[in-house]
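# Next input, structure requested:
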Amino acid sequence: QVQLVESGGGSVQAGGSLRLSCAASGRTLPTYYAMAWFRQVPGKEREFVATISWPNMSFDGGSESGRFTISGDKVKRTMYLQMNSLKPEDTAIYYCGVDVHSSLPLRVPGAVDYWGQGTQVTVSS
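Next comes the predicted model:
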């Protein structure tokens, strides 16, 4: 069992920044795996935000790559999402997920083996 603990959500005004963290603990992760950020608003499907793969740390910043930056700490098994120039439409619950069977980019919720509990991001205008 892998536990993912997210932190860093909160409420900000439009144009502000937040940094989300997702730390993995529990069972030993394999050498090759992928982690990703997804977000979800009520009534909508969970959508892909960004992904990063271990151990080479290749990443796909997704459609928000101009404002969001994904990164990871190989030793700490922690993934980050730096979100700048936030907009009200970024308001959502942000979830981190891990695919322990592959290091291919993790872009679909169905490929996630373990999820974090989610962290709320609220951006006011």
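
# Where does the prediction get shaky in this protein?
Low-confidence segments of the chain, defined by pLDDT under 70, are absent.

# What residues sit buried inside the helix or strand that contains residue 122?
Using DSSP states H and E, residue 122 sits in strand 119-124. With burial defined by 16 or more other CB atoms under 10 Å, the residues of strand 119-124 counted as buried are 119, 121, 122, 123. C-betas here are computed from N, CA, C, even on glycine.

# Among the residues you listed, which one sits closest to residue 68?
residue 121 (11.1 Å; CB to CB).

# got the end-to-end distance for stretch 8-25?
The first and last residues of stretch 8-25 sit 17 Å apart, counting by CA to CA, to the nearest Å.

# Kindly report the same for stretch 67-80.
14 Å.

# Just confirm residue 40 contacts residue 49, I think it does.
No - here residue 40 lies out of contact with residue 49, judged by CB atoms under 8 Å, at a distance of 10.2 Å.

# Many thanks, have a good one.
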